[in-house]
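In: no sequence for this one, just the structure:
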């Protein structure tokens, strides 16, 4: 039973390279939202991760690999994302924007606007239960075929319609600018005010410090950060975090 | 089926008034960790609440009353609390404390160190699905029979053994000092450095501002806040939040 989703995935991943935006094809037949594993309570582990009670962890506990895989490919992850996006939109649509074009919404990219699930679902990555391989991940990013996170692409479109300017603020390296812009456009993020990538010179800076610095620059330029959405707490803590922050689920990795 | 846990509860609550510390008696026979309700995905709602994506909500959605009730009385809530406490202890035991007695751990009280579940499980409270009744809740608090949150009582004892000084910082009114102290002592919280209750004069202040101010006073007195644990984000956001914060689950109410 436990091996089944992965066999199914192996087949699906071939397809995904061709039609990367059909993220739903990755959904396992069972539609499970994960299951308990003896020894570790994976639901509790995930809640503790999402609430920032467990910090600086490097890989998904081995016992929770199947749980996290089933969660990410199942309907629960999609519904969890949808509820966050719905609440973000409920907040955003009640705001009155200025007519100076300085009201912005900051989006993180990976696991917020773009999904790396086709990469993470590979057996050798195992939804984050195997140690991070920067070479392999860089190769995946360069392909520029990451699908959108459906709920957040929909939110993005609604925010653009409301008049928000969009700023993408990502820990992706500046060297990935072309691939990232291409990927964003291809899946439907067709317009933005700024796409801020991490300069190679700041490679060693934590996401928390790097993103706080970049947000401070935005504020200094006169922008008003009304919303800020990311899958890591390091997107949402620090300084100039914005009037409201929204934490997107991500039990696959931790960035400090 | 859905009515069964509440019938069972009605019987158990009688017992609870006599032996309030036996919180496990409130556990429903099914041991369920909650179930889905059509219309609202209550798991997603709870995750969004725990991650502070849904703010300033006043009552549990009506459709999620049974879900929240089953969650709070089932094993998942207990395990979720245990994982948070385990991670707090794992962090605390690796710290080196000074010998000046100024290393403190700040605990919130309601739903962090003391549990109001016997109150919240009453049909007329419905786990927070009915609007807050301050008169009834004050009467419950005055009885001083709230049981401990088991995982956090255990953590408290371990922290005291490690040499931490304990500071209870609560939104309970100063007028509740005697009842609160009596309740804490009766269930096993037998020692503390300070028990800080909210002065009547600050009744209108938000928890976020009030608790930040009190923590600033602690820091000004020379205390080092190494850990800070609460069930509300307003316990953990603001200023002087401490070196590490720990969010205890609470899907029953929201305090800003």
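Out: Cool, got the structure. None of these values were measured; they are calculated from a predicted model. Residues are numbered from 1 along each chain as shown, chains lettered A, B, ... in the order given.
In: burial of residue A:202, as a residue count?
Out: 15 (other CB atoms under 10 Å in any protein chain shown). Quick note: C-beta positions are derived from backbone N, CA and C, even for glycine.
In: hang on, it packs against residue A:210?
Out: Yes. If you go by CB atoms under 8 Å, residue A:202 and residue A:210 touch, sitting 5.7 Å apart.
In: In contact with residue A:47, which residues?
Out: Residue A:47 sits next to B:47, B:50, B:80, B:83, B:249 when contact means CB atoms under 8 Å, 6 or more residues apart in numbering or on different chains.
In: and the first one, that one's in a strand?
Out: Read it as residue B:47. No. Residue B:47 is assigned helix when assessed by DSSP: H, G, I helix; E, B strand; the rest coil, not a strand.
In: For stretch A:106-122, measure first residue to last.
Out: Taking CA to CA, to the nearest Å, stretch A:106-122 runs 30 Å from one end to the other.
In: So for chain A, the centremost residue is which one?
Out: Nearest residue to the geometric centre of chain A (CA atoms, centre = their mean): residue A:111, 1.6 Å.
In: what's the closest non-adjacent residue to it?
Out: Counting by CB to CB, 6 or more residues apart in numbering or on different chains, the nearest residue to residue A:111 once its immediate chain neighbours are dropped is residue A:231, at 4.1 Å.
In: ok, now how distant is the one you found from chain B?
Out: Distance from residue A:231 to chain B, counting by CB to the nearest CB, to the nearest Å: 11 Å.
In: what does residue A:205 give?
Out: Residue A:205 is 21 Å from chain B, where distance means CB to the nearest CB.
In: Over to that residue. Which of the three states is it?
Out: For residue A:205, the assignment made with three-state DSSP gives coil.
In: contacting residues for the one residue in the stretch 101-250 of chain A that gets nearest to chain B?
Out: Distances between the stretch 101-250 of chain A and chain B by CB to the nearest CB are smallest at residue A:247, namely 4.3 Å. With CB under 8 Å, 6+ apart as the criterion, the residues that contact residue A:247 are A:50, A:84, A:230, A:231, A:233, A:236, B:51, B:52, B:53.
In: wait, isn't residue A:194 in contact with residue A:168?
Out: Yes. Counting by CB under 8 Å, residue A:194 does reach residue A:168; the two are 7.1 Å apart.
In: what about the two, which has more around it?
Out: The residue with more neighbours, out of residue A:194 and residue A:168, is residue A:168; 24 against 16, by other CB under 10 Å.
In: isn't that one right next to residue A:191, touching?
Out: No. Taking CB under 8 Å as the definition, residue A:168 is not a contact partner of residue A:191, at 10.9 Å.
In: shaky segments in the stretch 1-150 of chain A?
Out: In the predicted model, the stretch 1-150 of chain A carries pLDDT under 70 at residues A:1-39.
In: For stretch A:44-63, buried residues please.
Out: Neighbour-count burial for stretch A:44-63, with 16 or more other CB atoms under 10 Å in any protein chain shown as criterion, is recorded at A:44-54, A:59-61, A:63.
In: what's the neighbour count on residue A:179?
Out: The number of residues near residue A:179, taken as other CB under 10 Å, comes to 17.
In: Need phi/psi at it.
Out: Dihedral angles of residue A:179 (phi, psi; degrees, to the nearest 10) stand at phi -60, psi -40.
In: Disregarding residues adjacent in the polypeptide, which is nearest to it?
Out: Using CB to CB, 6+ apart, the nearest residue to residue A:179 is residue A:144, at 4.4 Å.
In: For burial, what's the neighbour tally of that neighbour?
Out: Residues near residue A:144, counting by other CB under 10 Å, number 19.
In: does it really touch residue A:187, like I thought?
Out: No. Using CB under 8 Å as the test, residue A:144 is too far from residue A:187 to be in contact (9.5 Å).
In: circling back: overlap in contacts, residue A:202 and residue A:210.
Out: Here residue A:202 and residue A:210 have no joint contacts, going by CB under 8 Å, 6+ apart.
In: pretty sure residue A:125 is touching residue A:119, no?
Out: Yes. Counting by CB under 8 Å, residue A:125 does reach residue A:119; the two are 6.2 Å apart.
In: can you list residues touching both of those two?
Out: Common contact partners of residue A:125 and residue A:119 (CB under 8 Å, 6+ apart): residue A:136.
In: my read: residue A:83 touches residue B:46, true?
Out: No. Using CB under 8 Å, residue A:83 makes no contact with residue B:46, being 9.7 Å away.
In: can you list the residues of the stretch 151-256 of chain A near chain B?
Out: The stretch 151-256 of chain A comes close to chain B at residues A:244, A:245, A:246, A:247, A:249, as judged by CB under 8 Å from any CB of the partner chain.
In: Correct me if wrong, but the third one is in a strand.
Out: Yes. When classified by three-state DSSP, residue A:246 is found to be part of a strand.
In: Look up how far residue B:52 lies from it.
Out: 9 Å (CB to CB, to the nearest Å).
In: Who are the packing partners of whichever strand in chain A runs longest?
Out: Secondary structure of chain A per DSSP state E: the longest strand is strand A:165-173. Judged by 3 or more CB pairs under 8 Å, 6 or more residues apart in numbering or on different chains; DSSP states H and E, the packing partners of strand A:165-173 are strand A:103-107, helix A:150-162, helix A:177-187, strand A:194-198, helix A:207-220.
In: looking at these, which is buried most?
Out: Each of those was scored by mean neighbour count; the highest is strand A:103-107, a mean of 26, by mean count of other CB atoms under 10 Å in any protein chain shown.
In: ok and it relative to helix A:150-162, angle-wise?
Out: Interaxial angle, strand A:103-107 versus helix A:150-162 (axes from the mean of the first three to the mean of the last three CA atoms, to 10 degrees): 170 degrees.
In: Would you mind listing what in the stretch 1-150 of chain A touches chain B?
Out: A:33, A:41, A:43-45, A:47-48, A:50-55, A:76, A:79-80, A:82-84, A:87-88.
In: so where is the stretch 151-256 of chain A shaky, pLDDT-wise?
Out: Across the stretch 151-256 of chain A, not a single residue meets the criterion (pLDDT under 70).
In: wait, what's in contact with the nearest residue to residue A:172 once chain neighbours are set aside?
Out: Nearest residue to residue A:172, sequence neighbours excluded (CB to CB, 6+ apart): residue A:197, at 5.3 Å. Contacts for residue A:197 (CB under 8 Å, 6+ apart) come out as A:170, A:172, A:173, A:174, A:176, A:177, A:180.
In: So residue A:176 versus residue B:179, what's the distance?
Out: Distance from residue A:176 to residue B:179, by CB to CB: 59 Å.
In: again but with residue A:172, I slipped
Out: Per CB to CB, residue A:172 is found 55 Å from residue B:179.
In: Equivalent analysis for residue A:158, please.
Out: On the measure of CB to CB, residue A:158 and residue B:179 end up 49 Å apart.
In: With residue A:153 instead?
Out: For residue A:153, the distance to residue B:179 equals 52 Å [CB to CB].
In: circling back to that earlier point, can you list the helices and strands packed on strand A:165-173 in JSON lines and add distance to residue A:133?
Out: Putting these into JSON lines (distance: least, CB to CB, whole Å) gives the following:
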{"stretch": "strand A:103-107", "distance to residue A:133": "26"}
{"stretch": "helix A:150-162", "distance to residue A:133": "26"}
{"stretch": "helix A:177-187", "distance to residue A:133": "18"}
{"stretch": "strand A:194-198", "distance to residue A:133": "19"}
{"stretch": "helix A:207-220", "distance to residue A:133": "19"}
